[in-house]
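just coords:
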């Protein structure tokens, strides 16, 4: 039973860390929901929504109503929806394996690791033999964390130049 609550807490930690990373990066995730049908192998967009990710769940009833209405209007057609995410400020895609989502995940993992280091130090601070500067586990983790921070800085620079090139190309 204790393991089940630990699993839930770890997921909550991950979600909080990713949300913090998104706030730090200034990411405003929007979604584009398209309601489509196929006619002779060609996709026809019947309706399109462009909204913030947070609004999507609140507006779900509107989307379901629109799907039902369009299904009634086109009873023989296969009506379906497609959903894609993007960052409103940069225009970058925010899907699986996109640069922006990888950067957010990396920053989130760094936040998680920093929190674990704090917890480890807090748990061992009363130990007389614990030395924060010479603890082999702590030194190893801090080196990895430093490498990860450098990777984040490089990824942020790459993303910034990519966005600038995209803006210049318009």
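Alright, I've got the coordinates. Predicted, not measured: the structure shown is a model, and the values here were computed from it.

would you list every one of the helices in this structure?
Using DSSP state H, the helices of the chain run over 2-25, 53-58, 60-73, 99-124, 136-169.

For residue 85, which of the ones you listed is the nearest?
helix 53-58 (6.6 Å; C-beta to C-beta). In short, each C-beta sits where N, CA and C put it, glycine included.

how much space between the spatially most central residue of the chain and residue 70?
Closest to where the C-alpha atoms of the chain average out (C-alpha atoms, centre = their mean) is residue 101, at 5.1 Å. Applying C-beta to C-beta, to the nearest Å, the value for residue 101 to residue 70 is 31 Å.

Out of all residues in this structure, which is the farthest from the middle?
Distance to centre of the chain, C-alpha atoms, centre = their mean, peaks at residue 128 (41.3 Å).

does residue 111 really touch residue 17, like I thought?
Yes. Residue 111 is in contact with residue 17 according to C-beta atoms under 8 Å; the separation is 4.1 Å.

Now do stretch 110-121: everything it contacts.
The list of residues contacting stretch 110-121 from outside it, by C-beta atoms under 8 Å, 6 or more residues apart in numbering, reads 13-14, 17, 20-21, 132, 137-138, 141-142, 144-145, 148-149, 152.

Please state the offset of that stretch from the chain centre?
From the chain centre to the centre of stretch 110-121 is a distance of 20 Å (C-alpha atoms, centre = their mean, to the nearest Å).

Could you check it and say which residues are buried?
By neighbour count with 16 or more other C-beta atoms under 10 Å, stretch 110-121 contains the buried residues 110-113, 117, 120.
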